[in-house]
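Enquirer: I'll drop the sequence and a predicted model, then ask my questions.
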Amino acid sequence: MTLYERVAQAQAKGETVAICTIVRAQGSTPRNVGTKMLVYADGRLYETIGGGTMESKVIEEAQAALQDGQPRLLHYRFVDPQRGDVGVCGGEMEVFVEPIPPPPTVIVIGAGHVGKAVTHLAKWLGYRVLINDDRPEFCNPDFIPDADGYYPIPTVELPSQVVMHPWSYLVLTTRGVPVDVAALPVLLETPAAYIGVIGSRRRWQTARKELLAAGVSEEALDRVVSPVGLELNAETPEEIAVSIMAQIIMLRRGGDGRPMAAH
């Protein structure tokens, strides 16, 4: 499997990786221009750009890039380790570190009518879509044909099965407060960009009260968006899905939700 095939594989799994490429090499250096190395968020590596102190420093920078999403151009000298150089070969090298984020992923928790509509719309909008429901009769390709992955398991087990990251958008279209109260403590520990819970304000107030009593902090609960979606006076599952996805798009793109004519 080539390096780029591994990048594609990571994308399909929702993993973040960084490509580290030697873009300039002058004098005596461990490897030549164009040499690449892949760094995974969990510390795995594929290929090498020369090993030693230099490679260790590049790996550290790649891990940082995976956290902040920013590329880096790194410069190293191989002259005098006493002055902080990374070797004694006598050359210089520049390495470009490019973090490759996973595709934006909508994770729909609850495979009822609204969950089905959200899945269909999110997939049409180009998102990677995963569906979770502890009822296998609903969480399957026959009932919801549009998802990229199906997880017919209790939601508390989901973070151990699915990579969640700052490009994950969690949409809880669940069937009631007990499901939300059971699921949210583990979901709030993830770095997801958005955690939206369907239902009325009263329903969320009830769930929030129970979660506070269970020891979940106010700060954590403030991450939850509920009622979910933008105010469109939506009624049908499809209209509600539009409301929810509009809010996710607004968050992702930095919009403000005002009418275009008001700008």
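Expert: The structure has been received and is ready for your questions. The structure displayed is predicted, hence computed values, not measured ones. Numbering: from 1, shown residues only.

Enquirer: all strands of the protein, in order?
Expert: Under the criterion DSSP state E, strands of the chain are mapped to 17-26, 36-40, 45-46, 72-77, 92-100, 105-109, 128-132, 149-151, 168-172, 194-197, 224-225.

Enquirer: distance between the third one and the chain's centre?
Expert: If I follow you right, that is strand 45-46. 21 Å (CA atoms, centre = their mean, to the nearest Å).

Enquirer: which helices and strands does it pack with?
Expert: strand 36-40 (3 or more CB pairs under 8 Å, 6 or more residues apart in numbering; DSSP states H and E). The way it works is simple: take the backbone N, C-alpha and C, and place the C-beta from them, glycine included.

Enquirer: May I see the strands of the chain organised as CSV, with mean neighbour count and distance to residue 4 added?
Expert: Shown next, in CSV, are the strands of the chain (neighbours: other CB atoms under 10 Å; distance: least, CB to CB, whole Å):
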stretch, mean neighbour count, distance to residue 4
strand 17-26, 19, 9
strand 36-40, 21, 9
strand 45-46, 15, 11
strand 72-77, 16, 20
strand 92-100, 20, 10
strand 105-109, 27, 21
strand 128-132, 25, 19
strand 149-151, 18, 23
strand 168-172, 26, 24
strand 194-197, 23, 30
strand 224-225, 20, 37
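
Enquirer: Looking at these, spot the one closest to residue 250.
Expert: Nearest to residue 250, of all those, is strand 194-197, at 10.2 Å by CB to CB.

Enquirer: Residues touching that closest one, excluding its own?
Expert: With CB atoms under 8 Å, 6 or more residues apart in numbering as the test, strand 194-197 has contacts from 168-172, 174, 180, 184, 187-188, 204, 207, 223-229, 244, 247-248, 251.

Enquirer: Can you give the strand pairings for it, parallel or anti for each?
Expert: strand 168-172 (parallel), strand 224-225 (parallel) (DSSP bridges).

Enquirer: between these, which gets nearest to residue 257?
Expert: That would be strand 224-225 among those, by CB to CB, at 12.5 Å.

Enquirer: For the closest one, what is the distance to the chain centroid?
Expert: 17 Å.

Enquirer: could you give me the average pLDDT of that strand?
Expert: Summarised as a single mean, pLDDT over strand 224-225 is 97.

Enquirer: repeat for stretch 243-251
Expert: Mean per-residue pLDDT for stretch 243-251: 97.

Enquirer: now stretch 36-50
Expert: 91.

Enquirer: Can I get it in CSV? Just the C-alpha atoms.
Expert: Below are the C-alpha coordinates for stretch 36-50, written out as CSV (Å, rounded to 0.1, in the frame of the first residue of the first chain):
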residue,chain,number,x,y,z
LYS,A,36,7.9,11.7,2.6
MET,A,37,6.8,10.3,5.9
LEU,A,38,3.3,9.8,7.2
VAL,A,39,2.5,10.6,10.9
TYR,A,40,-0.7,9.4,12.5
ALA,A,41,-2.4,11.0,15.5
ASP,A,42,-1.7,7.9,17.7
GLY,A,43,2.0,8.1,17.0
ARG,A,44,2.2,5.5,14.2
LEU,A,45,4.6,6.2,11.3
TYR,A,46,4.9,5.2,7.7
GLU,A,47,8.2,5.6,5.9
THR,A,48,11.1,7.8,7.2
ILE,A,49,12.7,11.0,6.3
GLY,A,50,16.1,10.1,7.8
